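1. for reference, the sequence and a predicted model appear below.
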Amino acid sequence: MTEGKCCNRFGEVNIFVYFLVALFGIASWLAVNGLWVELPVMVPHLPEGWKLPSYLTVITQLANIGPILVTIWYVCCKSTVPEKTLVYVILVVGAASCLLLVFFWKNTSYIAGTNHSLALLVLQFFLASVDCMSSVLFLPFMSTFKAQYMSGLYIGEGLSGLIPSLVALGQGVGKMTCQNISVIYTTTNISHNEILPVYQDPSFPVEHFFYFLFAMLVMSGTAFTLLNYLPYCKREHVTAKEPVEDDDTFTESYTLNNDFSRNYTTFSDTLYNPSAVESSSQTLLINKGKPRTLDIFSDSFHPTVPYQRKIEPKTYVFLLIMIGWINALGNGVLPSIQTYSCLPYGSNAYHLSATLSSIANPVACLVVFLLPVSSTLVIGSIVLLGSCLAAFIMLTAVQSPTPVLYDSAAGPGLMVTTWILLVLSMTYSKVSIATLFRSEGRKALFWCGVVTQIGSTFGAVVTYILVNETDIFQSAPDCP
């Protein structure tokens, strides 16, 4: 795409509104991602130790009860699902849970003869419920805006993983040195020297990190409020409705902002109908004589456009299957095996792949905005490329701790590059498909969110079983 066309793409959106959409999207998976990146600092203080991640994985899947209930609600009574109200509820619950974690994350309770981090686990359930429900609430909400703003939501979703990672990086999470330490075996009372990892103390405490997550969720809630109620943002609203047709007419309703309404009323008073001031709408014969009604006395800009199906049913199903597959890999399978695929190449390769792939996510969303694609053949080809990269990553994880090229200088670079290309291809495909569904309206975006969560859950459950109940994956030592 030429520079002029890229500039035109920026001209199609309001940059401030686009920024608010991205800030709103950050709330999607911020809390769960933040909790995961903070685990290395938290685990030494909690009774579960490194079994804690497996507890959190199970709880996250149990939290899918939220999307299930919303889906049942939607199917049973489509016209009464208060999406905006539910978004506010989950944002308030998420922010409150982060704030409570500041005070209670270290609290333990004696259950069944053992200490457990009950407060942390309960609050994790609420955080996971919030993030899981975002998949089925945030996407339908975006049908309120032009299709060009879809990439902004996914940029925010990508930043929901990147921002906590960068903050944790500044905190010093994961920094370690390998030291020769004398270890005494309790069974034999014989000491033995071993090279073991020693983690450095963080530069600021866990409590400050949760304060940061709380502040970010408050900012996302503020952005959501502005997107809904600020007149400047409401000018970018556009919703689709089923057309009402009869034998000869087609009616399409528009709601215009006050400034335009006043100008338009003066114009209509002068040229068309002096009594129009007393009426709430003025009908113009346009588009080959078909009447369209303009509501000129509304207090917001909220145009509605006719609903026209643009995706064939077979293509629709195909795209939903690809969305499920992409999220099964990207949100379920690959995050669970990243340590197995990267650590054999060294801790630097692991940290680089995690950080740069997080950066690649919002970059891919921006590329979708600048270079959109609507061809299912192209999208399918990109998904196939990403699947091949995922297969290679899976192969290296299965081969751990001695995967291909693990003892070669080219190995770390190959693994980091593979992860970056994987995230770029999968994210680009996912956002492109969501943008196509945007043309189908709120219902298509809702089912896109449902399939997203189904795919993520299926991938996570299958991988959890493979990692914890089989010997397929073997960890590489932190200090080789």
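-> Looks like it came in fine. Computed from a predicted model, the values in this text were never measured in an experiment. Numbering: from 1, shown residues only.

2. contacts, neighbours, all on C-alpha from now
-> Noted.

3. if I look at residue 312, how far off is residue 318?
-> With the distance defined as CA to CA, to the nearest Å, residue 312 ends up 10 Å from residue 318.

4. for the two, indicate the residue with more neighbours.
-> Set residue 312 next to residue 318 and count neighbours by other CA atoms under 10 Å: residue 318 wins out with 14 against 9.

5. tell me which element the more buried one is part of?
-> If you go by DSSP states H and E, residue 318 is part of helix 313-327.

6. and the following helix or strand past that helix, what does it pack onto?
-> Helices and strands here follow DSSP H and E; after helix 313-327, the next one along the chain is helix 334-342. Here helix 334-342 touches helix 347-370, helix 376-399, helix 442-469, going by 3 or more CA pairs under 8 Å, 6 or more residues apart in numbering; DSSP states H and E.

7. ok, and for helix 334-342, which residues are buried?
-> By neighbour count on 16 or more other CA atoms under 10 Å, the buried set for helix 334-342 is 334, 336-342.

8. distance to residue 178 for those residues - can I get that in TSV?
-> As requested, the buried residues of helix 334-342 are exported to TSV (distance: CA to CA, whole Å):
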residue	distance to residue 178
334	27
336	25
337	23
338	21
339	18
340	19
341	21
342	18
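
9. low pLDDT regions in the stretch 51-200 of the chain?
-> Within the stretch 51-200 of the chain, the ranges that satisfy pLDDT under 70 run 78-80, 174-176, 179-199.

10. and if we set it to 80?
-> For the stretch 51-200 of the chain, the stretches with pLDDT under 80 are 51-55, 57-58, 61, 75, 77-81, 111-113, 172-200.

11. would you map the strands across this structure?
-> Assignment of strands within the chain using DSSP state E yields the ranges 109-111, 114-116, 176-185, 190-199, 239-241, 244-245, 250-251, 253-255, 281-286, 290-295, 304-306.

12. and the first one, how far out from the chain middle?
-> In terms of CA atoms, centre = their mean, to the nearest Å, the gap separating the centre of strand 109-111 from the centre of its chain is 34 Å.

13. so which residues make contact with it?
-> Strand 109-111 has contacts (CA atoms under 8 Å, 6 or more residues apart in numbering) with 115-118.

14. partners of that strand in the sheet?
-> Neighbouring strands of strand 109-111 in its sheet, by DSSP bridges, are strand 114-116 (antiparallel).

15. quick one: buried residues of the strand it pairs with?
-> So, applying 16+ other CA under 10 Å, buried residues of strand 114-116: residue 116.

16. quick one on the thing from earlier: distance to residue 130 and mean neighbour count for the helices and strands packed on helix 334-342 - can I get that in JSON lines?
-> JSON lines is the format used below for the helices and strands packed on helix 334-342 (distance: least, CA to CA, whole Å; neighbours: other CA atoms under 10 Å):
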{"stretch": "helix 347-370", "distance to residue 130": "21", "mean neighbour count": "21"}
{"stretch": "helix 376-399", "distance to residue 130": "28", "mean neighbour count": "18"}
{"stretch": "helix 442-469", "distance to residue 130": "12", "mean neighbour count": "20"}
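
17. which one of these lies nearest to residue 94?
-> The closest approach between residue 94 and any of these, judged by CA to CA, belongs to helix 442-469 at 18.2 Å.

18. relative to helix 334-342, how tilted is the closest one?
-> For helix 442-469 against helix 334-342, the angle by axes from the mean of the first three to the mean of the last three CA atoms, to 10 degrees is 40 degrees.

19. tell me which of the helices and strands packed on helix 334-342 lies nearest to residue 228.
-> Closest of those to residue 228 is helix 442-469, at 16.2 Å (criterion: CA to CA).

20. the closest one vs helix 313-327, what angle?
-> With the same axes, to 10 degrees as the criterion, the two stretches helix 442-469 and helix 313-327 enclose an angle of 40 degrees.

21. tell me what helix 442-469 is packed against?
-> With contacts defined as 3+ CA pairs under 8 Å, 6+ apart, helix 442-469 has these neighbours: helix 52-62, helix 65-76, helix 118-141, helix 313-327, helix 334-342, helix 410-438.

22. now do the shortest one, average pLDDT.
-> In this case it means helix 334-342. For helix 334-342, the mean per-residue pLDDT is 83.

23. from the chain's centre, how far out does that helix sit?
-> 19 Å.

24. now the angle between helix 52-62 and it, please.
-> Calculated by the same axes, to 10 degrees, helix 334-342 forms an angle of 150 degrees with helix 52-62.

25. need the contact list for residue 41.
-> Taking CA under 8 Å, 6+ apart as the criterion, residue 41 is in contact with 173, 202, 206.

26. pLDDT wise, what is the second one at?
-> Yep, that's residue 202 we're talking about. So, for residue 202, pLDDT stands at 80.

27. circling back: return the helix holding residue 318 as CSV; C-alpha atoms alone will do.
-> Listed in CSV are the C-alpha atoms of helix 313-327, where the atom choice follows Å, rounded to 0.1, in the frame of the first residue of the first chain:
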residue,chain,number,x,y,z
PRO,A,313,-23.1,-19.0,5.1
LYS,A,314,-20.3,-21.5,4.2
THR,A,315,-17.7,-18.8,4.4
TYR,A,316,-19.2,-17.6,7.7
VAL,A,317,-18.8,-21.1,9.2
PHE,A,318,-15.3,-21.4,7.8
LEU,A,319,-14.2,-18.1,9.4
LEU,A,320,-15.7,-19.2,12.7
ILE,A,321,-13.7,-22.4,12.6
MET,A,322,-10.5,-20.5,11.9
ILE,A,323,-11.2,-18.1,14.8
GLY,A,324,-11.6,-21.1,17.1
TRP,A,325,-8.4,-22.7,15.8
ILE,A,326,-6.4,-19.5,16.0
ASN,A,327,-7.5,-18.9,19.6
